[in-house]
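Asker: pasting the structure only:
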């Protein structure tokens, strides 16, 4: 769409039109979108011009959720893996290099980034520098430093952003917040989160970890631009052990099980407990090397006490009363992450035979505990069912971002919230580095968030940010 409206003295730009259309619709926001036939969209009057960057895997799903808009450009370095999506959106212009796409496609409103993790910050930053809105898959970035700087850049550019942790928009996330903020299990001092990824055994359904770099050098497929796929990562020969999808387990490209699932699974806990930067982090794991993440790990974070001041980024709490917005002080809290099939001990009071699941979360309070969203003991569970729903519900994770792009309120996982969450998640990966293993058996890493550094082991600070290949910089 290339809409221009002219008054006597003013030319209305396309972006101003979309924003104005969205703002004019806010007078009707009390009416459900389904009643208006809008399916939850903020503005029925204008469509965004969107581009997909990294479209063969999760990017294909993301674009499928945004077909209410104009998908006008597609970018992927692997023409074979992304071929079905190039064909599906055959009218969209096709690119291999997202930098060239952003230079040429002047009429883009936003981009959807679903590349391997090591490209996230680069693709998103290139878009932000050009004033484009950004939807970026989790874990937002590949390093802690990137998360800090990407969030700052987006905030300064005033673009609409959303990280791809879709569960943040869910009913379960909101109910967990409401349970905790109502004090149903009392003060929460401890939280545990676990995942089965990467799955182990003969039929590994996710990706390998704890493996060495392959030594053979098969030819690069003709449909793949290997140099662009590597991007900012150190140069190495092509091998099918790295892609598609299997890049997650390699230090140079992915962020392991913690990076893959942490921004999903930690999000509800961060919101409910009003967590921000940890004070410290320490880790234990199976054998790890300089090439790939361990098969299983435990990462322990310690968080400081939190004040009673409501936090506007938590579950869309802006405009609620202090009590409704979790306006209660919270004590120091320990959060433990487990992957590779590890999990916490069964909490006292969990009925015999009750499964904890291969993936889950557990909040332990003074009066009881919450496993997933089930409150124990039974008496507290009955009380939880009576707690009113005070947090505004989300129409949809993707619609939040589309509405924000058109001038609506900030999306629930905008980079102001997602950046600090990603920082905390990625700090755990620093504590898993094999180069620090001996030192970290003797101490935990003390974190100074304001200074963006560890205060008790300077050697760990070199893993806060990556070194980039020549020709790549943020």
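Answerer: Nice, thanks for sending it over. The structure displayed is predicted, hence computed values, not measured ones.
Asker: how near is residue 282 to residue 300?
Answerer: 5 Å (C-beta to C-beta, to the nearest Å). Any C-beta I mention is one placed from the backbone N, CA and C, and that applies to glycine too.
Asker: next: residue 187.
Answerer: 19 Å.
Asker: how about residue 265?
Answerer: For residue 265 relative to residue 300 (C-beta to C-beta), the value is 15 Å.
Asker: quick one: low-confidence parts of this protein?
Answerer: In the predicted model of the chain, residues 1-45, 199-205, 310-326 satisfy pLDDT under 70.
Asker: quick one, longest helix in it?
Answerer: Taking DSSP state H as the criterion, the chain has its longest helix at helix 256-273.
Asker: helices or strands up against that one?
Answerer: helix 171-181, strand 188-194, strand 297-303, strand 333-339, strand 360-365, helix 415-430 (3 or more C-beta pairs under 8 Å, 6 or more residues apart in numbering; DSSP states H and E).
Asker: and the next helix or strand past the fifth one?
Answerer: To tie it back to what came earlier, the one meant is strand 360-365. strand 369-371 (DSSP states H and E).
Asker: show the secondary-structure elements that the helix or strand that that following strand is followed by is packed against.
Answerer: Per DSSP H and E, strand 369-371 leads on to strand 374-376 as the next helix or strand towards the C-terminus. Contacts defined by 3+ C-beta pairs under 8 Å, 6+ apart place strand 374-376 against strand 369-371, helix 378-384.
Asker: between the helices and strands packed on helix 256-273, which gets nearest to residue 129?
Answerer: Nearest to residue 129 among the helices and strands packed on helix 256-273 is helix 415-430; the distance by C-beta to C-beta comes to 14.3 Å.
Asker: how far is the closest one from where the chain is centred?
Answerer: 9 Å (C-alpha atoms, centre = their mean, to the nearest Å).
Asker: what does stretch 70-82 give?
Answerer: 22 Å.
Asker: just give the nearest non-adjacent residue to residue 363, would you?
Answerer: With C-beta to C-beta, 6 or more residues apart in numbering as the criterion, residue 363 has its nearest non-adjacent residue at 4.5 Å, and that residue is residue 370.
Asker: the one you found contacts residue 190, correct?
Answerer: No: assessed by C-beta atoms under 8 Å, residue 370 is found out of contact with residue 190, at 11.3 Å.
Asker: neighbour count winner among those two?
Answerer: residue 370 (26 against 15; other C-beta atoms under 10 Å).
Asker: any idea what that one is bridged to?
Answerer: For residue 370, the beta-bridge partners under DSSP bridges are residue 363, residue 375.
Asker: just to revisit the earlier point, quick one: the helix or strand just after the longest helix of the chain to strand 333-339, angle?
Answerer: Beyond helix 256-273 on the C-terminal side, the first helix or strand identified by DSSP H and E is strand 280-285. Interaxial angle, strand 280-285 versus strand 333-339 (axes from the mean of the first three to the mean of the last three C-alpha atoms, to 10 degrees): 30 degrees.
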